[in-house]
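Undergrad: Got a predicted model here, sequence first, then my questions.
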Amino acid sequence: MSRRDRGSVWRFLLPVGFLAFTAATVAAVLFKDWMPPVASEHGKGVDGMITYILCAAGLIFVAGHLLLAKFIFTSGADDAPAYKPIGNKAEMLFTIGPTIFILLISEIGVLFIGNPIWGQVFKEDPEDFQIEVIAKQFEWIAHYPGRDGKFGPFRMEKYDEVDNIAALWKKDKESRDDLVVRGKLILPAGKACQIRIKSFDVLHSFNIPAFRTKQDAVPGIYTKTRFVATTPGDYEIACAEICGVNHYKMKAKVQVLPLEKYMKWLEEEPGFFE
Amino acid sequence: MSGEAAAGHGHAAHGEWECEPTPFKASWPKVMMWWFLIGDAVLFGSLLVAYGFNRVAAPAWLPQDKVFSMNFITVMTFTLITSSATMATAVAASRAGDRKNACLFTMLTAVGGIAFLGMQVYEWWHMIGHHGARLTVGPKLEGFPDVPAFSAYFFMITGFHGSHVLSGVFILLYTGFNALRGRNGPEGVELAGLYWHFVDLVWVFVFGTYYLI
Amino acid sequence: MALTHSHGTDAAHGHDHPSGFWSKYIFSFDHKVIGVQYLILACIMGLIGAGLSVWFRTQLAWPGKAGMSPENYVMAVTMHGTIMIFFVVSLSLSSGLGNFCIPLQIGARDMAYPLLNMLSFWTIVPGAAIMVASFFVEGGGAAGGWTSYPPLSALPKAAPGSGTGQTLWLLAMAIFVVSFTLGGLNYVATILNLRARGMTLMRMPITIWTYFISAVLGLLSFPALTAAAIMLLLDRHGGTSFFLPSKLILSGQLQTNTGGTPLLFQHLFWFLGHPEVYILVLPAVGIAFDVLAANARRPVMGYKASVFALWAIAFLGMIVWGHHMFISGMNPYLGKYFSISTLIITAPFALLGVCLLGTLWRARIRFNTPMLFALGLISAVGTGGIGGLFLATATADLHFHDTYFVVGHFHLMIGVTSLMGTFAGIYYWFPKMFGRTMNETLGKLHFVGTMVGTFVVFTVQHFQGMGGMTRRYYEYVNEYVKPAAALNPLVTIFAFIAFGSQLIFLVNFFWSMFAGAKASKNPWEATTLEWTAESPAGHGNWNEPPVVRGDPYRYGEGADGKGWKLQTDA
Ligand code: HEM
Ligand SMILES: [Cu+2]
Ligand SMILES: [Cu+2]
């Protein structure tokens, strides 16, 4: 059967297929912006990181497929004389070269572009606005510390689906002026916010695609993430960790206000127990 | 079981069907036993790491020496280590072709294992009866909070180790009996010995991490 | 009797072949029969797993038209993932082809412990049955994702499938682990101890190396899953709180658990989970090496480099599990560490890829079906690995984690690469299994459908992930995701194409078993040991023990212009 395959159509079909696949993928990257418009400071860095890998990895992707197509297309006929070794030096170069190249570009990317941005996301800065986000099946609740700048502690025993969704307690004096907003997160533009994330039940993930922000909500511990929203406007939270049947519906609005408007809103909104 | 298999195969492997020499010259039953034990070690390792993870995260833990009698635990440990020594003697006897002593010392090892299990049962009884511990309730101690995880890890880890000792005792009885009849392959006692030493070693780690630290 | 028999001692004399139907086909000790049994079980489970995906892909493309509720959806994705990873790819590639080819390629009569081998198979059968049965219990099958993270999977009230369904899921997984461990022990002992005379370690085909390494990885990593499963079962049924923190509120009610930590489960799970992905993909790469060499008519490039790369991947693969947990709430410094260490793996991985590609350099390619699949595998493993670069960079993972980018990436890896390797292996060894060849026309049709279908599906999914399309969603109701979700009908149509071509394969497989063209001893003119046995190879594989006299890939050698030489030739 081997003889039959000698002048096989596959010698053309396969390279054409691989090249078409490569061209289509590269075109898709070049001619369409797939990412949601970015609206946070570190988000631009994340996009920069992704662009860097796209360029570096794209190079490997294209070069690999070109070689694959070339090797298939130019392979000798089946009854050609026996295979001649390529020579150790050429083989070494061919194998070690790309290996080191990949190692270098990926480590340089993570060390010099990625890690500084990673650092921004997890920075602790007392200057930042503190906001708490509560996740529960299947909604998001924003919890602001109020005028005293202190979050009221959770009193899980006091939880009530209707009247006390944030499980606060009147008698705690830190709680009295706290703000609790269901299904909506109001944020200032141009000011760093640190979000403390709390889950009341199972895992969820606090994900604002436009900010390139994603952080799991883990019951039992606080997780933290930080960003600076750049552009006033409306965005969305979409839960990114499976949390049950209505995971897909677990969304909330994100409203970014200019700083003065945000401060005014904070001032005027009555506290949860006021 | 493994002993007979070893005999059967040893014949085939070195008789008609010649094989390339094995690294470390280990026979295949031994290779299997070693890898089984390595995997089992990862299993115990995972449980102990989980215990460490939870304990570091826990706000409070109980002082072990107030819950357990450390002297008693030391005796338990000593019993098990002694049984490792008798096991080593049994392996040596079996290598020397001394069936009687191979059987005797294997059985002695099993007796050590049974003694250990007895003490283990007493420990559980003490935890449950005396301290009021349950899988979900920590032992009650004057002046200390309830730490359910203390009990949960106790019952899980010692229970899991105990089940290994129990199966080890059965294997020893079976192997010892076969040793006397000469029905073990060249390696039967040795394989049982490997398993037994491993179970002892695990106990040393349990002792060190759960009881001492 | 049974025992001596199992060691092939009598078979050597050629007068003790098993005769009855039961001992020959059902409770056979013969590694080849057991391998085929695994393959058939994997085909059955594959139909179920793929059927589920057709169901939920229909829902995604045309919401509401598939007769699927959100409850069905989360169950279907969970069970699809579990069945595909553990009961299709593991069973066909690792257990099925592994059992078939290991003794044949190293020159052994059978596995080291054939009785145990048979038992591993018959242990997995009830495991598979329980997994399937869990669809029919109250609340349906497990619905917490194939990763089954607690608390979702620990609290029966958290999701409909977290009741009996999740218990059965854990039980089936435990059975799977037992069976896979017994199988792995056999692989390691067989490869170390039963190599034919002259088959030194560095003369083993790369396939054998990959099976050996993946067996070792399995033995080292599965126990972590066992530990996690024991603790999860205790949390579910013993009332403990290993993974359940204090004061959870579920459906408005305060839970009584105290003091556990959900992250612990994730660590244990991924300590298994990451090595598991290598367990699934390395043997596929190994098979591709064998098939490529045989049909490119040249030795593989960089045999030693590849073996080294495989060991490096295996070793590094044990210490990078945290790259699945960058945003799980794990310490951000650990995130940096796991990012850097994961990216180091790309080096040996690239080495392996380059050796695959280099094997085509100055080749004389024969375009038969196994070869087409091996060529497709090169592209799949490269493309998937490049997706890995994005995900392994923690900063980029902020955007990609738990989106369709991840779905596209791992499907290219453990979906496409593993299955291409499996198919290459099945088409390649079919003559040795049944003494017949599979139909080439159907095979090529199968290849085109699989290639086009899967590549479109999983490449497009990468772009959907860039659009922030989150995974495990019943329907896309968010505004920002509308452009990405608009591609869903396209993806679904190509998924149907991919699914349809697998039906061609099934027809071809079962039809050729009985009616395929008769095959000679060495139809591909390949050089490794299995081609010195009869097609189909009888019980005991050879009458005389083979003696190995050279490297596995002796293409381009040989006297009188033949151009190749068997491994047993002088
Ligand atoms: C170059 C090598 C690779 C790198 C750098 C890499 C990296 C990653 C990373 C970082 C993730 C986590 C993504 C996330 O959840 O956000 C991931 C997911 C995954 N990878 Fe890879 N990977 C590589 C190769 C492979 C291979 C060879 C396989 C399979 C054989 C594989 C299978 C998977 C699977 C199954 C997941 C998804 C798990 C889930 O459900 O969350 N990867 N990969
Ligand atoms: Cu969710
Ligand atoms: Cu991984």
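TA: On my side now, so go ahead. Ligands and ions are numbered 1, 2, ... in the order given.

Undergrad: on contacts alone, who are the packing partners of the longest helix along chain C?
TA: Using DSSP state H, we find that the single longest helix of chain C is helix C:262-296. Helices and strands touching helix C:262-296, by 3 or more Cβ pairs under 8 Å, 6 or more residues apart in numbering or on different chains; DSSP states H and E, are helix B:28-57, helix C:206-237, helix C:303-317, helix C:332-358, helix C:369-392, helix C:418-434. From N, CA and C alone the C-beta is placed, and that goes for glycine too.

Undergrad: hmm, that helix touching ligand 1?
TA: Yes: Helix C:262-296 reaches ligand 1 (Cβ under 6 Å from any ligand atom) through C:277, C:280-281.

Undergrad: ok now that helix, how far from the chain's centre?
TA: 7 Å (Cα atoms, centre = their mean, to the nearest Å).

Undergrad: Next: stretch A:164-179.
TA: 32 Å.

Undergrad: buried set for it?
TA: A:164-169, A:172, A:174-179 (16 or more other Cβ atoms under 10 Å in any protein chain shown).

Undergrad: Switch the residues you listed over to TSV; also include secondary structure and pLDDT.
TA: Shown next, in TSV, are the buried residues of stretch A:164-179 (DSSP: H, G, I helix; E, B strand; the rest coil; pLDDT from 0 to 100):
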residue	secondary structure	pLDDT
A:164	strand	88
A:165	coil	88
A:166	coil	89
A:167	coil	90
A:168	coil	89
A:169	coil	87
A:172	coil	85
A:174	coil	86
A:175	coil	87
A:176	coil	87
A:177	coil	87
A:178	coil	90
A:179	strand	91
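
Undergrad: which one of those sits closest to residue C:56?
TA: Nearest to residue C:56 out of those is residue A:165 (Cβ to Cβ; 32.3 Å).

Undergrad: Roughly how far does the closest one sit from ligand 1?
TA: 31 Å (Cβ to the nearest ligand atom, to the nearest Å).

Undergrad: ok, and the closest non-adjacent residue to the residue of chain B found nearest chain A?
TA: Closest residue of chain B to chain A, Cβ to the nearest Cβ: residue B:57 (8.5 Å). Counting by Cβ to Cβ, 6 or more residues apart in numbering or on different chains, residue B:57 lies nearest to residue C:261, which is 5.2 Å off, once chain neighbours are set aside.

Undergrad: Need the pLDDT of the one you found.
TA: Per-residue pLDDT puts residue C:261 at 92.

Undergrad: got a list of what the residue of the stretch 1-150 of chain A found nearest chain C touches?
TA: Nearest residue of the stretch 1-150 of chain A to chain C: residue A:83, at 3.3 Å (Cβ to the nearest Cβ). Shown in contact with residue A:83 (Cβ atoms under 8 Å, 6 or more residues apart in numbering or on different chains): C:297-299, C:362-364, C:555-556, C:563.

Undergrad: go on, residue C:242?
TA: By Cβ under 8 Å, 6+ apart, the neighbours of residue C:242 are B:50, B:54, B:149, B:152, C:231-232, C:234-235, C:260, C:264-265.

Undergrad: Does the residue in chain A that chain C sits nearest to lie in a helix or a strand, and which?
TA: Distances between chain A and chain C by Cβ to the nearest Cβ are smallest at residue A:220, namely 2.6 Å. Using DSSP states H and E, residue A:220 falls within no helix or strand.

Undergrad: separation between it and residue A:163?
TA: 25 Å (Cβ to Cβ, to the nearest Å).

Undergrad: Those two: who's more crowded?
TA: residue A:220 (23 against 7; other Cβ atoms under 10 Å in any protein chain shown).

Undergrad: my guess is that one contacts residue C:245, does it?
TA: Yes: applying Cβ atoms under 8 Å as the test, residue A:220 and residue C:245 come out as touching, 2.6 Å apart.
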